[in-house]
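Novice: Here's a sequence, model it:
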Amino acid sequence: MTTLTIHTIESAPEGSKPLLEGSVKAFGMLPNLHGVLASSPQILEAYQVLHKLFTESSFDAEELTVVWQAINVEHGCNYCVPAHTGIAHSMKVDPALTEALRNQEAMPTAKLQALLDMTLIIVRNRGHVSEEELAAFYAAGYGEQQVLEIILALSQKVISNYSNHIANTPVDAPFKDFAWTKAK
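Specialist: Reported below is the predicted structural model:
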């Protein structure tokens, strides 16, 4: 049962209406997550800005997907995992990669595995990373910029994952075929 309001453009606070209109233009629909976040124009704007900034980071489509889905799966977000599966397909990411992420399996390359590992270290250890862990990440071909960009993605995903947990946000129709529940 949903415990937070899922706004439409009409029901949203005035400060959220232009942001929701932008969502419809960008996605061709109003994502339920954006409807939930609309109760606070500030969090909706923060989420949208963080999303835009992360998509403009140094990561390619596969790497964006690895970071987003690592966090979504770790947080057990039944809304974001299907949504980012659909987004990955639209970005032409290999479905084998998205399935491996959804099922918590090994990555197809050592570099993507290092990215997955670092993302999970940051999430699980709340940003406490050892020198050895950083060295392994850097040896895989990443640098300080990418460490900080993982934190940028985590900021975005905390907003969406936690809000979806509280709201029990229903998965949007375009992503229902990608429904997901975290394995125990």
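Novice: hey, let's count contacts and neighbours off CA atoms from now on
Specialist: Fine.
Novice: can I see the domain layout of this protein?
Specialist: Taking automatic domain parsing as the domain assignment, the ranges for the chain are 14-54, 59-178.
Novice: Redo the ones you listed as CSV? Include mean neighbour count and mean pLDDT.
Specialist: Compiled in CSV, the domains of the chain are given as follows (neighbours: other Cα atoms under 10 Å; pLDDT from 0 to 100):
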stretch, mean neighbour count, mean pLDDT
domain 14-54, 18, 97
domain 59-178, 18, 98
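Novice: is it possible to export those domains to CSV including distance to T3?
Specialist: As requested, the domains of the chain are exported to CSV (distance: least, Cα to Cα, whole Å):
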stretch, distance to T3
domain 14-54, 10
domain 59-178, 5
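Novice: Go through those domains and name the closest to L4.
Specialist: L4 lies closest to domain 59-178 among these, at 4.7 Å (Cα to Cα).
Novice: Return the distance of the closest one from the chain's centre.
Specialist: Domain 59-178 has its C-alpha centroid displaced from the chain centroid by 7 Å (Cα atoms, centre = their mean, to the nearest Å).
Novice: Start and end of that domain, how far apart?
Specialist: Domain 59-178 has an end-to-end distance of 24 Å (Cα to Cα, to the nearest Å).
Novice: so I159 touches Y47, yeah?
Specialist: Yes: when contacts are counted by Cα atoms under 8 Å, I159 is listed as touching Y47 (6.7 Å).
Novice: Summarise which helices and strands the helix or strand encompassing S23 is packed against.
Specialist: For S23, the host element (DSSP states H and E) is helix 17-27. If contacts are counted by 3 or more Cα pairs under 8 Å, 6 or more residues apart in numbering; DSSP states H and E, helix 17-27 sits against helix 32-37, helix 41-55.
Novice: what's the single longest helix in this protein?
Specialist: helix 144-167 (DSSP state H).
Novice: how much does that one deviate in direction from helix 41-55?
Specialist: Angle of helix 144-167 versus helix 41-55, following axes from the mean of the first three to the mean of the last three Cα atoms, to 10 degrees, is 140 degrees.
Novice: Mind telling me which residue is nearest the centre of this structure?
Specialist: Nearest to the centroid of the C-alpha atoms of the chain, with distances taken as Cα atoms, centre = their mean, sits W68, at 3.9 Å.
Novice: Helix, strand or coil: sort out it for me.
Specialist: helix (DSSP: H, G, I helix; E, B strand; the rest coil).
Novice: next one: W180
Specialist: W180 - assigned by three-state DSSP - is coil.
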